[in-house]
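A.B. asks: Sharing a model that was predicted from the sequence below.
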Amino acid sequence: MNDQQRTNRNISSGVIAAVSAAVVAVSGGVAWITSQTPNTPTPVNPSQSIRQPQQPLTTQPGNEQTASIYWLRSKETGVELVPQPLKIAAAQPNQALEKAFQALLVGPTEGTDSTTIPQGTQLLGMKVENNEVHVNLSEDFTSGGGSTSMMGRVGQVVYTATTLNPDAKVFIEVNGKPLEVLGGEGVEIEQPLTRKSFNQNYPL
């Protein structure tokens, strides 16, 4: 073997040995670094974080009540009370009756039914307590009309006030005072009023 071939072989062996040594050194360094690094979780991109499903909001079921406001309808022998159902969004009976009375005092907007409650009558207060309904009306409620008109408007109030509880006792007040006598003809009002007592004592 000549000198040139021997030289090349020595160079190749040296290069291989150097590369092998470098690989061993790098591998050992990586292993040492890994062993010294604490086992911390890899940061997670907030946009990639797992979100727990939200619980649906607890909502109350629709608090809708059906009340009836009462109008007067002519018949052969006089008049009769007729109901008009009205769906009202209200959580409490007190609120439902207030809205029913507000519609009653406006008067009928269609059909042939009528009211004898004087225009301008206002609801000053409403209280529902136990088996009683207290209705406080403005003084306009007592103005105008004969006995039939008076009885008709009392019946409208009594029946509308008891729409959610037909057996309730009704107390009618005018400007905060119990209604004892109604109209110029002096119709006495015996309170409390119920549907039964109204039909017995004040027939239309």
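C.D. replies: Nice, I can see it.
A.B. asks: any low-confidence regions in the chain?
C.D. replies: Scanning the chain for pLDDT under 70 picks out the ranges 1-62, 184-185.
A.B. asks: all strands of it, in order?
C.D. replies: Remark: strands assigned in the chain by DSSP state E are 64-75, 78-89, 123-129, 132-137, 169-174, 177-178, 181-182, 187-188.
A.B. asks: what about dumping the CA coordinates of the third one to PDB?
C.D. replies: Provided in PDB are the C-alpha atoms of strand 123-129 (Å, rounded to 0.1, in the frame of the first residue of the first chain):
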ATOM      1  CA  LEU A 123    -108.300  52.400  40.100                       C
ATOM      2  CA  LEU A 124    -106.800  53.900  43.100                       C
ATOM      3  CA  GLY A 125    -105.800  50.700  44.800                       C
ATOM      4  CA  MET A 126    -106.100  46.900  44.800                       C
ATOM      5  CA  LYS A 127    -105.400  44.500  47.600                       C
ATOM      6  CA  VAL A 128    -105.800  40.700  47.500                       C
ATOM      7  CA  GLU A 129    -105.500  39.100  50.900                       C
END
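A.B. asks: residues contacting Leu204?
C.D. replies: By Cβ atoms under 8 Å, 6 or more residues apart in numbering, Leu204 lies in contact with Leu72, Gly78, Val79, Glu80, Leu81, Thr148, Met151, Gly152, Gly155. (Glycine included, C-beta is placed from N, CA and C.)
A.B. asks: any idea how far Ala89 is from the second one?
C.D. replies: By that I understand Gly78. Relative to Ala89, Gly78 is positioned 36 Å away (Cβ to Cβ, to the nearest Å).
A.B. asks: do the first one as well
C.D. replies: If you measure Leu72 against Ala89 using Cβ to Cβ, the figure is 27 Å.
A.B. asks: Tell me which of the strands of the chain sits nearest to Asp113.
C.D. replies: Closest approach to Asp113 among those (Cβ to Cβ): strand 64-75, 3.6 Å.
A.B. asks: helices or strands up against that closest one?
C.D. replies: With contacts defined as 3 or more Cβ pairs under 8 Å, 6 or more residues apart in numbering; DSSP states H and E, strand 64-75 has these neighbours: strand 78-89, helix 93-106, helix 147-161.
A.B. asks: Would you write a ChimeraX line that selects the buried entries of the contacts of Leu204?
C.D. replies: Buried members of the contacts of Leu204, defined by 16 or more other Cβ atoms under 10 Å, are picked up in ChimeraX with:
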select :72,79,81,151,152,155
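A.B. asks: List just the nearest of the contacts of Leu204 to Thr109.
C.D. replies: Within those, proximity to Thr109 (Cβ to Cβ) peaks at Leu72, which comes in at 15.0 Å.
A.B. asks: That closest one reaches Ser114, doesn't it?
C.D. replies: Yes - counting by Cβ atoms under 8 Å, Leu72 does reach Ser114; the two are 5.2 Å apart.
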